[in-house]
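[1] Need coordinates for the below:
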Amino acid sequence: MKVLTIDSATMVAGVSIVDENRLIGELTVNYQKTHSEKLLTAVDHLLQDVGLGINDMDAFGVVSGPGSFTGLRIGMATAKGFAQALNKPMVTISTLESLAHNLNHATGLVCPILDAQRNQVYSAIYRGVGDGHLEALCPEQAIGIEKLVELLQGYGEQKTYLVGDGIARFAEQISDALAQTVVATHQHAINRAGSAGVLAYRRFLQGKTCRYDQATLTYLRPSYAEEKHHEL
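    From the prediction side, this is the model:
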């Protein structure tokens, strides 16, 4: 069984194919072009590279947020199109959980942070429980950086791994406030469709799937335009 997973939640666009034994292939693009320009091309290139067709897929995974509102919608529309056309199930994966699984063998806390603008981040806190699995210690949320630091301090002096595009802006501030902080290197800090794909395959085997018309996005907060509209 094979699952193709799409991740376009951030500036990075990626696609992966996973089966029961391995990550068959992964393609990541982190350069200039918009998701609408590169996503379908990435899917096509990956399928050609591994010698498979879209009809060989048993399910379609998609990273469902939080993240870029436009990027999320493009990824979801693409995955839904495949699932509807081929009558295959879908699996949705959290952006933050996928990011945390880039470091799923870390000992200590793993804190993914995505820059949500307006001095906020999208974040959650996970802890490694062995065998490449993580447990969530708090819910995903849009949160001010000072509040996030307070949450992390509440877990005591544990080693804390930071991952995600928010580290460029906030890692120093967080590190100054905590006793032990490890900042992920750039190849581990970005969204990886391979990590999302492994999670999607795991959920697929557990039967945690949905129809294409049941898959939804997770924004965690309204867009700036929507907030301004409600103020009028």
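[2] Look up phi and psi at Y219.
    Taking degrees, to the nearest 10, you get phi -100, psi -30 for the backbone angles of Y219.
[3] List the contacts of it.
    Y219 makes contact with 65-66, 69, 72 under the criterion CB atoms under 8 Å, 6 or more residues apart in numbering. All C-beta spots, glycine's among them, are computed from the backbone N, C-alpha and C.
[4] got the contact list for the residue nearest the centre of the chain?
    Centroid-nearest residue in the chain, with CA atoms, centre = their mean: T95, separated by 2.4 Å. Shown in contact with T95 (CB under 8 Å, 6+ apart): 7, 9-10, 63-67, 112, 114, 122, 191.
[5] In CSV: those residues, plus neighbour count and secondary structure.
    Converted to CSV, the contacts of T95 look like this (neighbours: other CB atoms under 10 Å; DSSP: H, G, I helix; E, B strand; the rest coil):
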residue, neighbour count, secondary structure
D7, 35, strand
A9, 34, coil
T10, 23, coil
V63, 35, strand
S64, 25, coil
G65, 26, coil
P66, 26, coil
G67, 29, coil
P112, 31, strand
L114, 25, strand
Y122, 27, strand
N191, 29, coil
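[6] Distance to L46 for these - can I get that in CSV?
    Compiled in CSV, the contacts of T95 are given as follows (distance: CB to CB, whole Å):
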residue, distance to L46
D7, 12
A9, 18
T10, 19
V63, 16
S64, 20
G65, 23
P66, 25
G67, 21
P112, 24
L114, 24
Y122, 27
N191, 16
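[7] And those residues, which is closest to Y212?
    Of all the contacts of T95, Y212 sits closest to S64, with 12.8 Å by CB to CB.
[8] which residue sits closest to that closest one in space, ignoring its chain neighbours?
    T92 (4.0 Å; CB to CB, 6 or more residues apart in numbering).
[9] Test my guess that the one you found contacts Y212.
    No. Using CB atoms under 8 Å, T92 is not in contact with Y212, being 11.0 Å away.
[10] Can you give the domain ranges for the chain?
    Split into domains by automatic domain parsing, the chain comes to 2-95+191-231, 96-189.
[11] okay, the ones you listed in a markdown table with mean pLDDT next?
    Output for the domains of the chain, formatted as a markdown table (pLDDT from 0 to 100):
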| stretch | mean pLDDT |
| --- | --- |
| domain 2-95+191-231 | 92 |
| domain 96-189 | 95 |
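[12] Just give the number of residues close to H133.
    12 (other CB atoms under 10 Å).
[13] The residue nearest to it when sequence neighbours are not counted: what's it in contact with?
    Spatial nearest neighbour of H133, chain neighbours left out: N104 (6.9 Å); criterion: CB to CB, 6+ apart. Going by CB under 8 Å, 6+ apart, N104 touches 110, 128, 132-134, 195.
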